[in-house]
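J.: just a sequence and a predicted model for now, questions to come.
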Amino acid sequence: MENKGLYINDLPQSGEATFLAVVIEKELRPKRNGGSFLSVRLADRSGELDAKAWDNPEAVAQLFDCNDVVKVRGVIEHYNEKPQLIVSRIRRCELNEYNAADFYPASNRDPEEMFGELAAFVAMVRDEPLRQLLESIVNDASISERLKTAPAAMKIHHAFRGGLLEHVLSLCNLAAALTAHFSRLNLDWLIAGAILHDLGKIETLELTGVRFAYTTRGQLIEHVTLSLEILEKHVGRFPGFPLELKTILQHFIVSHHGDLDKGALRRPMLPEAFALSLLDLMDARLEQVFRLIGSAPAGEEFTSYVPSLERQLFRGFEEQAEQSAKAQTIEGGKAA
């Protein structure tokens with residue numbers, strides 16, 4: 001098996017580098033003065049990197065396709081304050097040359113451990129019909145096995161193997177904290193909303209080779225509709241399930257995006273629907289922000305511009321706080 005080499009986020013800020021990566025984008029582009037160059041987007045489980053091939057771009061483009069794992073050599077430079085690789089050599093790798101797990105990002109947490117925590121939240125639900133419904137859903141092997149591996153999104157937040165389960169579990173924990181403060185909120189309903197709101201995503205994304213891709217159903221049907229389908233199927237297993245409770249659960253699913261221009265089919269109309277929508281947004285945004293700050297080059301005060309957030313993120317104080325903490329530790333050691 002080929003040595004993976006450094007992960008993208010561990011590459012030097014400049015100089016030569018040789019490593020394995022998966023190709024997620026490939027495009028021949030025109031030069032300003034005529035001719036063309038090859039633009040490539042490389043990735044592994046740690047991050048992504050732009051690469052350019054200036055020499056013989058048409059021939060180089062024939063050597064590999066998108067979703068291929070390649071061994072690449074080149075020089076890291078900076079363009080518009082962002083690192084990019086100037087490719088000198090690149091070739092497609094055979095299946096026996098790499099470990100697929102090196103190329104798709106995954107949760108740092110054990111999926112079985114997370115699923116056990118989720119089952120504990122379901123067991124906390126006091127409303128018996130609701131608890132039985134949730135048990136039916138999470139114990140359905142066709143759901144649970146995919147929930148343990150599915151990402152919550154392709155790019156924006158929790159976009160990694162196990163990301164959906166991590167997101168759902170985070171919402172359950174946030175709901176428990178929120179209801180401890182706002183006692184009028186129904187924790188049973190919030191746990192149900194956390195589990196159901198994005199559950200259709202287990203059918204929208206799948207691991208293809210070393211990267212996630214949209215399924216046919218995921219391209220044709222929005223995940224909200226698929227979540228409603230799953231709810232309908234499992235409610236059907238319980239004759240006499242309260243219609244009012246079913247309607248509330250449906251409302252959580254169709255309103256969790258908050259605003260109509262954000263994809264919600266209805267605006268939240270219940271306190272718990274408001275809470276679920278706000279917690280969902282907070283968890284998604286903070287995961288994204290922490291990840292972007294954590295993956296920014298060392299020594300940089302700001303991240304590069306983030307289109308989905310319409311801003312750069314400031315990380316200077318974080319580094320200063322870390323340095324201060326280290327200094328205090330050293331000083332404390334001297335005093336001891």
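T.: Nice, thanks for sending it over. Numbering: from 1, shown residues only.
J.: now the strands: where do they sit in the stretch 51-200 of the chain?
T.: Taking DSSP state E, counting those that start in this stretch, the strands of the stretch 51-200 of the chain run over residues 69-79, 82-92.
J.: need the ones you listed in CSV with mean neighbour count, can you?
T.: The way it works is simple: take the backbone N, C-alpha and C, and place the C-beta from them, glycine included. Output for those, formatted as CSV (neighbours: other Cβ atoms under 10 Å):
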stretch, mean neighbour count
strand 69-79, 17
strand 82-92, 17
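J.: Leu220 is nearest to which of the ones you listed?
T.: Nearest to Leu220, of all the strands of the stretch 51-200 of the chain, is strand 69-79, at 29.0 Å by Cβ to Cβ.
J.: how far off centre is the closest one?
T.: 25 Å (Cα atoms, centre = their mean, to the nearest Å).
J.: ok, stretch 96-109 next?
T.: 15 Å.
J.: try stretch 79-88
T.: When distances are taken as Cα atoms, centre = their mean, stretch 79-88 is centred 25 Å away from the chain's centroid.
J.: rewinding a little: now distance to Gly35 and mean pLDDT too, for the strands of the stretch 51-200 of the chain, in JSON lines please.
T.: What follows is the strands of the stretch 51-200 of the chain, written out as JSON lines (distance: least, Cβ to Cβ, whole Å; pLDDT from 0 to 100):
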{"stretch": "strand 69-79", "distance to Gly35": "18", "mean pLDDT": "92"}
{"stretch": "strand 82-92", "distance to Gly35": "16", "mean pLDDT": "92"}
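J.: Throw these into a markdown table and include distance to Asn139, thanks.
T.: Formatted as a markdown table, these follow (distance: least, Cβ to Cβ, whole Å):
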| stretch | distance to Asn139 |
| --- | --- |
| strand 69-79 | 36 |
| strand 82-92 | 42 |
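J.: and of those strands, who's closest to Val254?
T.: Relative to Val254, the nearest member of the strands of the stretch 51-200 of the chain by Cβ to Cβ is strand 82-92, separated by 39.0 Å.
J.: measure Asp44 to Lys4 for me?
T.: 8 Å (Cβ to Cβ, to the nearest Å).
J.: no, scratch that, I was asking about Ser144
T.: For Ser144 relative to Lys4 (Cβ to Cβ), the value is 31 Å.
J.: compare Asp44 and Lys4 and say which one has the larger neighbour count.
T.: Counted by other Cβ atoms under 10 Å, Asp44 and Lys4 do not tie: Asp44 has more neighbours, with 25 against 17.
J.: quick check: phi and psi on the more buried one?
T.: Note on Asp44: backbone dihedrals following degrees, to the nearest 10 are phi -150, psi -170.
J.: which residues does it bridge with?
T.: Gly47 (DSSP bridges).
J.: surely it touches Ala106?
T.: No: in this structure Asp44 lies outside contact range of Ala106 using Cβ atoms under 8 Å: 11.5 Å.
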